[in-house]
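[1] model the following, please.
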Amino acid sequence: MIVISRNGKTTVLTGWRAWGVGFAVALAVWVAFSILAVVVAGTALTIGLVLLMLVPAAGLAALLQLAFGRRR
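    Numbering: from 1, shown residues only. As a prediction, this is how the structure comes out:
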C-alpha cells in the first residue's frame, strides 16, 4: 500500500497500481545511480589519463630546462 498526500488530499494506492508505482520508482532510482556511476568512472578515467600524460611531460620539461637552461 502506498499513501500519497498532496494539497490536503490523501490518495491510497493498493494492488497492481502500488506495484507499478513501486517498480517505476525503483527503475528511476536504478537509472539515476547507473548514470551517476558512469559519470564518476568517466571523470576518474579522464583525470587519470591527463595526469598520466602531464606528469612525464613536466618531468621532461624540467630535465630540458636543467640541460639547456640559462646559466647564471
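[2] got the residue ranges for the helices in this structure?
    With DSSP state H as the criterion, the chain has helices at 16-68.
[3] shaky segments in it?
    By pLDDT under 70, the low-scoring segments of the chain are 71-72.
[4] bridging residues for Ile4?
    Beta-bridge pairing of Ile4 under DSSP bridges involves Thr11.
[5] correct me if wrong: it contacts Thr11.
    Yes. When contacts are counted by Cβ atoms under 8 Å, Ile4 is listed as touching Thr11 (4.7 Å). For glycine as for every other residue, the C-beta is placed from the backbone atoms N, C-alpha and C.
[6] and Leu49, how far from Gly15?
    Separation of Leu49 from Gly15 (Cβ to Cβ, to the nearest Å) stands at 52 Å.
[7] repeat for Ser5
    For Ser5, the distance to Gly15 equals 19 Å [Cβ to Cβ].
[8] what does Ala26 give?
    When distances are taken as Cβ to Cβ, Ala26 and Gly15 turn out to be 17 Å apart.
[9] next one: Val39
    Remark: distance between Val39 and Gly15 (Cβ to Cβ) = 37 Å.
[10] Ala18: neighbouring residues, count only.
    As a burial measure, Ala18 scores 14 neighbours (other Cβ atoms under 10 Å).
[11] list the contacts of it.
    Neighbour list for Ala18: 1-2 [criterion: Cβ atoms under 8 Å, 6 or more residues apart in numbering].
[12] for the remainder of this discussion, apply numbering that starts at 58.
    Happy to do that; since the first residue is 58 now, the last one works out to Ala75.
[13] so how far is stretch 59-76 from its chain's centroid?
    Here stretch 59-76 shows a centroid-to-chain-centroid distance of 32 Å under the convention Cα atoms, centre = their mean, to the nearest Å.
[14] kindly apply the preceding question to stretch 70-90 instead.
    Its chain's C-alpha centre and that of stretch 70-90 lie 23 Å apart, by Cα atoms, centre = their mean.
[15] equivalent analysis for stretch 80-98, please.
    A distance of 10 Å separates the centroid of the chain from that of stretch 80-98, by Cα atoms, centre = their mean.
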